[in-house]
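Chemist: need a 3D model of the following:
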Amino acid sequence: MSAEGGADRAEKTRQVERAERSERIERAERIGRSERAERAERSERAERAERSERAERVDESDAVDGIDEIEVRDPVSAPDAEGRPRRTTRRFPLFTKDTARPEGGGRAASGDLPAPARQWPVLLVLGLVGVGLLVTALDVFRVGILLIGSALLAGALLRWLLPSVGMLAVRSRFTDIVTYGVLGLVIVLLALMAQPKPLLQVPFLKDALHFTVDS
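Modeler: Residues are numbered from 1 along each chain as shown. Prediction:
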């Protein structure tokens, strides 16, 4: 009887130990789940704060874009987030540390719209150039070259009329208008004067060509 009682007590002891061990394991799992939930919540809060900060930066950038004329006293220093120039001298610094946004280089549409809509001027010009190259490749060279020249002229017109043209702005407004306009006009004139059956004939060019060949 005493042996059976000792075996029962040992069995009960083992059962109690197993129950305690399973309870400790369950408690550790609950603590682990709680810690993981806290970490996930902290990560989510950090992501929300980062998104909010990015949205504030975008709003500040939009506010800067909305300013038509920003007085930048230093040609190579970009304005800060509030639109104030960082330097107060008109002299170029000895070493350039940053690059100013081109005049009129802001978004061409609202910041809420997708990226292609915000950059529609440069996409329009590139699309016309692509169509012109395709037409030229299909052996309709005059029409294709006219489309390419017209695309550059359209770029000059957009640069002149719109306050912000996005990535179509490369240098100052005057430089871009002159560059796009001159290149587009030259390409259109060359397309009109191309052989055979030119649509535009300039007599002195023909005489100059004959003079050059004869001499």
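Chemist: use CA for all of it now, contacts and neighbours both
Modeler: Fine.
Chemist: ranges for the helices of this protein?
Modeler: Taking DSSP state H, the helices of the chain run over residues 2-65, 115-118, 120-137, 141-161, 173-193, 203-214.
Chemist: quick one: low-confidence ranges for the chain?
Modeler: Residues of the chain meeting the criterion pLDDT under 70: 1-7, 58-100, 204-215.
Chemist: got the phi/psi numbers for P196?
Modeler: Backbone torsions of P196, given as degrees, to the nearest 10, read phi -90, psi 170.
Chemist: the one 5 residues further on now?
Modeler: The phi/psi pair for Q201 (degrees, to the nearest 10) reads phi -120, psi 130.
Chemist: number of residues surrounding it?
Modeler: Using other CA atoms under 10 Å, Q201 has 13 other residues around it.
Chemist: am I right that it is in contact with M193?
Modeler: Yes - using CA atoms under 8 Å, Q201 makes contact with M193 at a distance of 6.2 Å.
Chemist: got any residues that touch both of these two?
Modeler: Listed as contacting both Q201 and M193 by CA atoms under 8 Å, 6 or more residues apart in numbering is no residue at all.
Chemist: one step back: to G104, which of the helices of the chain lies closest?
Modeler: Among the helices of the chain, the nearest to G104 by CA to CA is helix 173-193 (7.2 Å).
Chemist: do you know how far the most centrally placed residue in the chain is from A28?
Modeler: The chain has A115 as the residue nearest its centroid, 7.1 Å off, counting by CA atoms, centre = their mean. Between A115 and A28 the distance is 49 Å, computed by CA to CA, to the nearest Å.
Chemist: ramachandran coordinates for L162?
Modeler: phi -90, psi 140.
Chemist: gap between the residue nearest to the centre of the chain and L123?
Modeler: Shown here: A115 relative to L123, a distance of 11 Å by CA to CA.
Chemist: shared neighbours, those two?
Modeler: Both A115 and L123 lack any common contact, where contact means CA under 8 Å, 6+ apart.
Chemist: how many neighbours does the closest residue to L189 other than its chain neighbours have?
Modeler: Distances taken as CA to CA, 6 or more residues apart in numbering put L200 closest to L189, at 7.8 Å, once the chain neighbours are dropped. Close neighbours of L200, defined as other CA under 10 Å, add up to 12.
Chemist: which ones are touching L200?
Modeler: L200 neighbours (CA under 8 Å, 6+ apart): L189, L192, M193.
Chemist: got a winner among those residues for most neighbours?
Modeler: Neighbour counts for the contacts of L200, by other CA under 10 Å, peak at L192, which reaches 18 neighbours.
Chemist: show me what contacts that one?
Modeler: L192 makes contact with R142, L146, P198, L199, L200, according to CA under 8 Å, 6+ apart.
Chemist: let's see that with 6 Å instead.
Modeler: By CA atoms under 6 Å, 6 or more residues apart in numbering, the contact list for L192 reads P198, L199, L200.
Chemist: ok, now V188?
Modeler: For V188, the contacting residues are L146, G149, by CA under 6 Å, 6+ apart.
Chemist: measure it to R21 for me?
Modeler: To R21, V188 is 88 Å away according to CA to CA.
Chemist: burial measure for V131, as a count.
Modeler: Around V131 there are 16 other residues, counting by other CA under 10 Å.
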